[in-house]
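S.K.: please work out how this folds:
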Amino acid sequence: MNGNHTTQDELTKNVVSGVLVIDKPVGMTSHDVVQIVRKGTGIRRAGHTGTLDPRASGVLVVLIGPAVRLSEYISASDKRYQATIRLGATTETYDAEGPIIQTSVKVDVTEAEFEDALQSFIGEIEQVPPPYSAVKVKGRKAYEMSRKGEKVDLEPRQINVYSLELLEWAPPEAVVDVFCSSGTYVRSLAHDLGQKLGCGAHLVGLRRTKSGRFTLRDSVPLRRLREAFTSGEWYRYLIPAADALADWPMIELDPDQVELVRHGHRVAAEEGAKGWARGVSMQGDLVALMEYDPESNEWQPRKVFFQT
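M.R.: Purely as a prediction, here's the structure:
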């Protein structure tokens, strides 16, 4: 935005709502990227849907404007990563950042043994987060306690690992495709794999290839987005809010229904309706997230987004 047409700019900023899928480079925090988006768009209301470590690259979903209210629904989405794991050493942080605490004289693991061990982590499993993580223990972040040399006891969490595929075997390193539920720590996966193999392991590279329905194919490199902020063409990368939950059922609302829903009123449901759905206007704008009420056979607006 160049500020030459302030009134129009302000008007646009008030109604802009959507998603920027960014290919985050290594070395930046997710918060850094959100700050760049706020500055570049001139829109204060922006937030990401799931932290990506500074050492990791890949898909970071940033919501802008009223679409930030979709965060809780998108954050819980499944994730996919390409992880590079190095065998033969265990580190304090479970990645290459921290000091090595244990090494193996020789990594005597075959590809078949590695594949075998990998398969044992598929399914619903319990996972202990890394001691250097943002998980809170009695109100304090685990990594802050770990840095002070305090012992951190973290409770295991239930996660779901849908698939693990060995993409490249080049000992002592292996590249693995990880498809998992939100809340999975790939660093812990690498560490636990090393323990199971008996030689130790840690994560040396991580790239998020998918977050919810968004993949690297949907993303724009941060460098290119910054150029678009300067030229004022960043809108072309903005994905409409209605598409953010494209895997949800969609109900097309006519103008009368839009008016009803906008004021919190229910609308009649079609046969076979169930669960949650997106209410979308005939122009393709996200009007509301709606929940089906089987007793009245109606859709109840739960979160209304439409603005006049």
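
S.K.: tell me where this structure is predicted with low confidence.
M.R.: For the chain, the stretches flagged by pLDDT under 70 are 1-14, 306-308.

S.K.: which strand or helix spans Met145?
M.R.: If you go by DSSP states H and E, Met145 is part of helix 142-147.

S.K.: packing partners for that helix?
M.R.: Taking 3 or more Cβ pairs under 8 Å, 6 or more residues apart in numbering; DSSP states H and E as contact, there are no helices or strands that helix 142-147 lies on. Yep, even glycine has a C-beta here, placed from its N, CA and C like the rest.

S.K.: flag every buried residue along that helix.
M.R.: Ala142, Tyr143, Met145, Ser146 (16 or more other Cβ atoms under 10 Å).

S.K.: could you measure from the second one over to Val137?
M.R.: Spelled out, that is Tyr143. 10 Å (Cβ to Cβ, to the nearest Å).

S.K.: tell me the gap between whichever helix or strand comes after the helix holding Met145 and the middle of its chain.
M.R.: Using DSSP H and E, the helix or strand that follows helix 142-147 towards the C-terminus is strand 157-170. Relative to the chain's own centre, strand 157-170 is displaced by 17 Å; criterion: Cα atoms, centre = their mean, to the nearest Å.

S.K.: the helix or strand following strand 157-170: partners in the sheet, and parallel or antiparallel?
M.R.: Sequence order places strand 173-180 as the next helix or strand after strand 157-170, per DSSP H and E. The pairing partners recorded for strand 173-180 under DSSP bridges are strand 79-87 (antiparallel), strand 157-170 (antiparallel).

S.K.: any idea which of those is most buried?
M.R.: strand 79-87 (a mean of 22; mean count of other Cβ atoms under 10 Å).

S.K.: distance from that one to the middle of the chain?
M.R.: Put simply, strand 79-87 sits 16 Å off its chain's centre (Cα atoms, centre = their mean).

S.K.: tell me the helix or strand right after that strand.
M.R.: Following strand 79-87 in sequence, per DSSP H and E, is strand 89-91.

S.K.: sheet-wise, list the partners of that following strand with their directions.
M.R.: strand 100-103 (antiparallel).

S.K.: contacting residues around the partner strand?
M.R.: Gly88, Ala89, Thr90, Thr91, Glu92, Gly200 (Cβ atoms under 8 Å, 6 or more residues apart in numbering).

S.K.: show the subsequent helix or strand relative to it.
M.R.: helix 111-119.

S.K.: and that following helix, which residues are buried?
M.R.: Phe114, Ala117, Leu118.

S.K.: same check on stretch 206-216?
M.R.: Per 16+ other Cβ under 10 Å, stretch 206-216 contains these buried residues: Leu206, Arg207, Arg208, Thr209, Lys210, Ser211, Gly212, Arg213, Phe214, Leu216.

S.K.: how about stretch 193-210?
M.R.: Result for stretch 193-210 [16+ other Cβ under 10 Å]: buried residues 193-194, 197, 199-210.

S.K.: in the protein, which residue is most central in space?
M.R.: Gly50 (3.9 Å; Cα atoms, centre = their mean).

S.K.: number of residues surrounding Val33?
M.R.: When counting by other Cβ atoms under 10 Å, one arrives at 21 neighbours for Val33.
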